[in-house]
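# no sequence for this one, just the structure:
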């Protein structure tokens, strides 16, 4: 571990590296990245976040990457690779914020982590000392991002990876609209259980909530957990990421409702 | 590593933590649990058992959790989270038996590990020192069970986690019926290859077996391995967990037979 | 770490063990193997390559196992188990080549690693000191190959595992045919994105390539990366394993073309 100093504050980088990709685990692509990391940083500790991001879905990965931040130790290095533009002139970036680090393509993947709440610093990946000489044009995950993360984990500095970037690409996430009557949002994520996650954060609930309309269904209020309604019935709750979520007790809400990503969600004040 | 003393016998707890859930690996839920563990116990070693348990299938997870026990080191800590009742008043428990430890909901998940053969001790998870102050009502995997396991791995005692539990919830597993003619059992698990696992343990075969009837098919006896019958043909054998299993050489027995969980299996003595 | 001396050259064996199987991750089979390894070699570091090899597809696993070699450290021990013949008299082997080690069934799984380019040494697994006394006839992955790898990682020698094997089983891979007009190859692998990998290595391109015909479609030349064609359009490129691959920009080429494994690929010289 060693220090990275930014915003006048020093920060330990750890040997803990997480991986988030849309590569699946079938083809050995992720294993190649792990081999690369372990050759450069033999003591690195690897944690798979997911390799099952929907192919090319930068938004889905951005959502997962944001969700895990509060739970990882200071100095964790996160590699994210959902990279449909690989080989084009899109930049590679390293980001530092909230006492952790990210490495990946500059395509919005980390943009949910950038906000005015926390100081951040982004760098374009340019320093050839951080990557192998030969880099395949379709696999920067293996030939650029994994090596950069491994070099961070083994002592190379964040600042030397390249020049600062002031304008990282930001995803255009639909913002919920707050009105006098309530909040109008939309389903932005569907998890493996069929739970439907909206873009409405708990912090937006400035008034007590009366009812929630999702598609054609009206739910009577916000519950605390699934088991408060009978099996198979639809329930709205604040999920473990802090967002309003539509679920069905022990069932798949997306099937019960016949809806998914893009469906409007309307909360009405009491 | 440190000692947990129970039944007059001291036991090393190791830093080895396994994870068994129905969370899938797509959404970052498991990664959140791993982050939580590594913040509390930075030297913990994590082994994923599976996150592909059928959603809400406590029985399926119980079966997997039992199957791995003989192969793990003394002092291993297993976290199991298939938890449809999360948020209700179901208890959380920690279990110690067979020189290993388990942490999860008290819904039967660990009940196949509890038997009169080995002494066991269960504790209700109650001690607030073992978990964060803020706990989300729908994600005890992250906010209760992962922290408890991490605290075990970093030195907190098993005994202090809470009061003893004498009546952990037990699953109602169908027991095979032994008759003069043979054994009547049932398929209780189907693995990824389509192999059909019955509830008949090898130890029950008190007489030599003549034939096995599964659904409408009769198999002439018990083979030692798949390749003893031609490709695609159905075979009965004692599987690597010690149970009678119906398989098809290089094919999916559940498809070949058109049957699955719940199908009766009848062994006839020779 | 310790030395294995072969071909007059000594080689460190590391504690790094990779796992490649067709077991899936649902049933606890892989976890049993990991438990076995960690009991014998508590400091082993485990990397999952994939457990999603198509069931019984030795060729698919052989391809993945070859692809990862250049990226792993010297002394890495790779366990490969795709083993439809388990229980029959097929041998188990340990292989040493390219400064790394492999353990698994002798059914061709490692045959793409054996070539005249690099010295290699294979041994039949026979020494009972490297495995438990009781071995289940259908699960050598757990009862033979995992223990052998673990014993390698904890100091037992490569040479003592058993007698040398001069004739390991080799897969019959279709070889591309080079003519005056071009090269005639075939699709031998389809990855998770639907990219179609041919058996034509970049090194075979002895002349500049004019066009590529795959099924009924003709592609105008070899691109460097996906984004050089419009979204959804088909592109040929040298993939990150060094083979000619047919892809579709941000889409699934196997669906766009309606083709897959076995489809002829014809490169025409310019």
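Yep, that arrived. Owing to the predicted nature of the structure, the values given are computational and were not obtained by experimental measurement.
# and the end-to-end length of stretch A:231-247?
Distance across stretch A:231-247, first residue to last, is 11 Å (C-alpha to C-alpha, to the nearest Å).
# For the residue in the stretch 151-270 of chain A that chain B sits nearest to, which non-adjacent residue is spatially closest?
Using C-beta to the nearest C-beta, the closest approach of the stretch 151-270 of chain A to chain B is made by residue A:225 at 2.4 Å. Any C-beta I mention is one placed from the backbone N, CA and C, and that applies to glycine too. Leaving out its chain neighbours, the residue that sits closest to residue A:225 by C-beta to C-beta, 6 or more residues apart in numbering or on different chains is residue B:87, at 2.4 Å.
# near chain B, which residues of the stretch 51-200 of chain A show up?
Within the stretch 51-200 of chain A, the residues that sit near chain B (C-beta under 8 Å from any C-beta of the partner chain) are A:51-53, A:64-65, A:67-68, A:71-73, A:76, A:191-193.
# Distance to chain C for the residues you listed - can I get that in TSV?
What follows is these, written out as TSV (distance: C-beta to the nearest C-beta, whole Å):
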residue	distance to chain C
A:51	9
A:52	10
A:53	11
A:64	18
A:65	20
A:67	22
A:68	20
A:71	22
A:72	20
A:73	19
A:76	19
A:191	18
A:192	14
A:193	16
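# related to what we said a few turns ago, tell me which residues touch the residue nearest to residue A:225, please.
A:224, A:225, A:226, A:227, A:228, B:137, B:138 (C-beta atoms under 8 Å, 6 or more residues apart in numbering or on different chains).
# Hmm, residue A:185 is touching residue A:265, no?
Yes: look at residue A:185 against residue A:265 with C-beta atoms under 8 Å: they come within range, at 4.6 Å.
# among the residues of the stretch 51-200 of chain A next to chain B, which are in helices?
Secondary structure defined by DSSP state H assigns A:64, A:65, A:67, A:68 of these to helices.
# Only whichever of those are buried, select them in ChimeraX.
The ChimeraX selection below is limited to those of those classed as buried (16 or more other C-beta atoms under 10 Å in any protein chain shown):
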select /A:64,65,67,68
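# Out of the contacts of residue B:87, which is nearest to residue C:97?
residue B:138 (50.9 Å; C-beta to C-beta).
# Write out the residues of the stretch 101-250 of chain A neighbouring chain C.
Within the stretch 101-250 of chain A, the positions lying close to chain C (C-beta under 8 Å from any C-beta) are A:136, A:137, A:138, A:139, A:142, A:143.
# Could you rerun that using 10 Å?
For the stretch 101-250 of chain A, the contact set with chain C under C-beta under 10 Å from any C-beta of the partner chain comprises A:135, A:136, A:137, A:138, A:139, A:140, A:141, A:142, A:143, A:146.
# Tell me the bridge partners for residue A:50.
residue A:20 (DSSP bridges).
# Let me fix that, I meant to ask about residue A:234.
According to DSSP bridges, beta-bridge pairing links residue A:234 with residue A:248.
# That one: neighbour count?
Residue A:234 has 19 neighbours, counted by other C-beta atoms under 10 Å in any protein chain shown.
# what about it, distance to residue A:204?
Going from residue A:234 to residue A:204 by C-beta to C-beta, to the nearest Å gives 21 Å.
# just to revisit the earlier point, need the contact list for the residue of the stretch 151-270 of chain A closest to chain B.
Applying C-beta atoms under 10 Å, 6 or more residues apart in numbering or on different chains to residue A:225 gives the contacts A:235, A:237, A:247, A:249, B:85-88, B:136-140.
# how about stretch A:261-269: buried residues?
Residues of stretch A:261-269 classed as buried by neighbour count (16+ other C-beta under 10 Å): A:261, A:263, A:265, A:266, A:267, A:269.
# That stretch near chain B anywhere?
No: applying C-beta under 10 Å from any C-beta, one finds stretch A:261-269 separated from chain B by no less than 13.7 Å.
# Looking at the contacts of residue B:87, spot the one nearest residue A:208.
Of all the contacts of residue B:87, residue A:208 sits closest to residue A:224, with 14.6 Å by C-beta to C-beta.
# Give me the neighbour count for the nearest residue to that closest one once chain neighbours are set aside.
Closest residue to residue A:224 apart from its sequence neighbours, by C-beta to C-beta, 6+ apart: residue B:137 at 4.7 Å. Around residue B:137 there are 18 other residues, counting by other C-beta under 10 Å.
# I figured residue B:137 hits residue B:85, correct?
No: applying C-beta atoms under 10 Å, one finds residue B:137 not in contact with residue B:85, separated by 11.4 Å.
# For the stretch 1-150 of chain A, which segments are assigned as strands?
A:2-6, A:9-13, A:16-21, A:45-50, A:77-81, A:92-97, A:100-105, A:120-124 (DSSP state E, counting those that start in this stretch).
# Kindly point out which residues are neighbours of both of residue B:137 and residue B:85.
A:225, A:226, A:227.
# Now do the phi/psi pair for the second one.
The phi and psi values for residue A:226, taken as degrees, to the nearest 10, are phi -60, psi -40.
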